[in-house]
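Participant: sequence? don't have it. structure:
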């Protein structure tokens, strides 16, 4: 009786059937290679994970992998494929190519687009926060992803400016009116996408524009 192939052994034959753009790679736990799992990596960076679950012996579970993201996955966008390991590599590859790869390719591209947009927004928010902070004496900045906060302790009172993507929020606790007006003016001047009514512009004190 022939010994059944492990997932790691079967992966090479399946990858050959899928074509030269897919490369099989061993799955590892630390430095140890695993017999029950493998990874296919496409030349464009996409990956498929293959594994034989301990509670489902004899069957191969194949799923598409995605980079870390906050993309809002919808039903059907992360489906997996379950096939019997007794099927031939050509049959398994055909099912992967027909039932898994097309959806995974499209969703993977949307995830990458989302990540690029988020990275650009993070850079914009961080730049805007640091630029604004540099113009407010004593201000401190904290950036968390696409959200940034600029703080001013006024002794007494405080000012907090929140930047969340294209949204700006102002929180003024016990801040003098002149400081509040100056902060609104600074936000409207140095964050041009924020529209501030004319009657909320800063005031003049001792001939200096705030």
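Facilitator: Sure thing, it's come through. Keep in mind it's a predicted model, so treat the numbers as computed, not measured.

Participant: hmm, who's touching stretch 129-146?
Facilitator: Applying C-beta atoms under 8 Å, 6 or more residues apart in numbering, the external contacts of stretch 129-146 come out as 118, 121-122, 125-126, 148-153, 159, 161, 163-165, 183, 186-187, 190-191. C-beta here means a position set from N, CA and C on the backbone, and glycine is covered the same way.

Participant: should've said stretch 26-36
Facilitator: Identification of contacts with stretch 26-36 by C-beta under 8 Å, 6+ apart yields 6-9, 37-39, 49, 51-52, 54.

Participant: Need the buried ones from those residues selected in ChimeraX.
Facilitator: In ChimeraX, a selection of the buried entries from the contacts of stretch 26-36 looks like this (16 or more other C-beta atoms under 10 Å):
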select :7,8,37,38,39,51,52
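
Participant: Show me which of the contacts of stretch 26-36 is closest to residue 24.
Facilitator: Nearest to residue 24 out of those is residue 38 (C-beta to C-beta; 5.8 Å).

Participant: does the one residue sitting closest to the centre of the chain sit in a helix or strand, and which one?
Facilitator: For the chain, residue 69 is the residue whose C-alpha lies nearest the centre (C-alpha atoms, centre = their mean; 2.6 Å). Under the criterion DSSP states H and E, no helix or strand holds residue 69.

Participant: how does this protein divide up, domain by domain?
Facilitator: Domain assignment for the chain, taken from automatic domain parsing, gives 7-99, 121-209.

Participant: And these: which comes nearest residue 111?
Facilitator: domain 7-99 (4.7 Å).

Participant: Give me the distance from the closest one to the chain's centre.
Facilitator: On the basis of C-alpha atoms, centre = their mean, to the nearest Å, domain 7-99 sits 23 Å off its chain's mean C-alpha point.

Participant: what's the average pLDDT for that domain?
Facilitator: The predicted model gives domain 7-99 an average pLDDT of 94.

Participant: How far does that domain stretch from one end to the other?
Facilitator: 20 Å (C-alpha to C-alpha, to the nearest Å).

Participant: repeat for stretch 14-29
Facilitator: First-to-last residue span, stretch 14-29, C-alpha to C-alpha: 22 Å.

Participant: all strands for the chain, in order.
Facilitator: Counting by DSSP state E, the segments of the chain that form strands are 22-29, 32-42, 47-51, 59-65, 80-84, 140-144, 147-153, 158-164, 167-173, 204-205, 208-209.

Participant: and those, which is most packed in?
Facilitator: Most buried of the strands of the chain, by mean neighbour count (mean count of other C-beta atoms under 10 Å): strand 47-51, with a mean of 20.

Participant: neighbouring contacts of that strand?
Facilitator: Residues outside strand 47-51 that contact it (C-beta under 8 Å, 6+ apart) are 7, 11, 14, 22, 27, 36-41, 60-65, 96, 100-101, 104.

Participant: Wait, the residue nearest to the centre of the chain touches residue 111, no?
Facilitator: Yes. Here residue 69 lies in contact with residue 111, judged by C-beta atoms under 8 Å, at a distance of 5.0 Å.
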